[in-house]
Structures are given as C-alpha cells and as structure tokens.
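Visitor: Got a predicted model here, sequence first, then my questions.
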Amino acid sequence: MADKVTLLEAKLQTTEKEVLELRSLIGASPQVAFSAALRESGSGDIGPFTTATPLQYKRVFSNTGSSYNPATGIFTAIVKGMYFFRFSMFNNLSTVPNSVVSLMKNGQRLTSVWDTSGNDSHDMGSNAVVIPLSVGDNVYVELQENRIVYDDGMNYNTFSGFLLFTM
C-alpha cells in the first residue's frame with residue numbers, strides 16, 4: 001500500500017508540473033484583436049485633405065491587446081505573427097463620389113478600395129489581407145489626397161484586425 005501511495009504522489013507531482021506548464025503556455029499566448037468604425041456620432045463627409053491621411057476610426061467596438069490607437073488610426077503590432085485585416089469604405093452622392101482608401105503597412109500600400117466619378121450613389125466596397133508583421137510594424141487605412149468618405153452613424157466605414165498566430 002505504501003508503494004502505491006508513493007507512486008500516486010509521484011504521478012500527482014508530474015501532473016501538477018504539466019498543468020503549470022500548460023497554464024504558462026496558454027497565459028503566454030498573446031491575444032490581439034480590434035474592430036472600429038469611423039465616427040462616434042454625427043454624419044457627413046470626411047475629407048478631402050491635401051495629402052494622404054490616415055483615417056481615425058473613433059468608435060472602438062473592441063481592442064484586446066490595446067494595439068489599435070483611435071487617436072491616430074494606427075494599429076501597432078505587439079507580437080511577431082501572421083495577422084488578418086479588413087476595411088470597408090462608403091461614399092454618398094452629396095457631391096460627385098470620389099473615394100479612394102488604401103490599407104497601408106509601414107507607409108507602403110497593400111490594397112485599396114475606390115469609387116470615383118459616376119452618376120450612381122451610395123457605393124460601398126471592402127478589402128482584406130493576411131500579412132506577416134514584426135513587433136512595431138504599423139497598419140492603417142489611408143484616405144488618399146483630395147478624396148472623401150461618408151458616414152451617417154450607420155458604421156459603414158470600418159477597420160478590423162486580429163492575430164492569427166505567432167511566428
């Protein structure tokens with residue numbers, strides 16, 4: 001009986017070590033995800049600006065990991081990994097539509113959504129990418145110079161991203 005108790009104590013200690021190891025692995029996994037809309041309230045055009053300008057998505061739905069900064073509109077990677085980003089753009093025929101927004105990584109254009117002069121109205125588009133980021137890399141949506149986007153509180157213009165896995 002004493003041998004069985006000793007064996008069970010050894011197994012219990014091994015199991016406790018494994019549980020602690022698993023907890024440390026789970027606790028070390030970064031959680032990074034955000035989603036935001038352009039306006040907190042109100043309606044109207046944003047832009048035009050004389051130079052390309054990062055859009056500041058002010059209505060933050062979630063910001064786990066605090067990597068998105070609504071004051072600048074910039075997401076900054078806190079961990080090296082593979083990330084997913086999505087953005088949407090909406091314009092209105094309050095003036096002739098002339099909208100171009102681009103997803104940028106460290107100042108380099110990755111992809112864009114646009115709608116320019118035409119006689120249709122209320123156009124919307126979106127795009128998405130999966131990209132590797134290093135710690136400190138910046139990702140943001142940029143409104144191109146002399147362009148506009150429109151929102152009226154319905155949260156048409158959004159910017160979201162999350163960490164798929166670390167590398």
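Guide: Everything's here; your move.

Visitor: F84 contacts F165, correct?
Guide: No. Taking contacts as Cβ atoms under 8 Å, F84 lies outside contact range of F165: 10.4 Å. For the C-beta atoms, the positions are set from N, CA and C on the backbone; glycine is no exception.

Visitor: quick one, which of these two is more surrounded?
Guide: F84 (14 against 8; other Cβ atoms under 10 Å).

Visitor: Give the partner strands of the helix or strand encompassing that one in its sheet and their orientations.
Guide: Using DSSP states H and E, F84 maps to strand 81-90. When sheet partners are counted by DSSP bridges, strand 81-90 sits next to strand 124-133 (antiparallel), strand 158-166 (antiparallel).

Visitor: helices and strands around the helix or strand just after the longest one, which ones?
Guide: In this case it means strand 124-133. Reading on from strand 124-133 to the C-terminus, the next helix or strand found by DSSP H and E is strand 138-143. When contacts are defined as 3 or more Cβ pairs under 8 Å, 6 or more residues apart in numbering; DSSP states H and E, strand 138-143 sits against strand 53-54, strand 74-76, strand 81-90, strand 99-105, strand 158-166.

Visitor: Show which residues not belonging to the very next helix or strand once past strand 138-143 make contact with it.
Guide: Next in sequence after strand 138-143, counting helices and strands by DSSP H and E, comes strand 149-151. By Cβ atoms under 8 Å, 6 or more residues apart in numbering, the surrounding residues in contact with strand 149-151 are 37-39, 43-47, 55, 89-92, 94, 99, 101, 143, 156-157.

Visitor: Generate a PyMOL selection restricted to the buried subset of those.
Guide: Here is the PyMOL selection string for the buried members of the contacts of strand 149-151, based on 16 or more other Cβ atoms under 10 Å:
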select buried, resi 37+38+39+46+47+55+89+90+91+92+99+101+143+156+157
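
Visitor: tell me the residue furthest from the middle of this protein?
Guide: Of all residues in the chain, M1 has its C-alpha farthest from the mean position, at 59.3 Å, by Cα atoms, centre = their mean.
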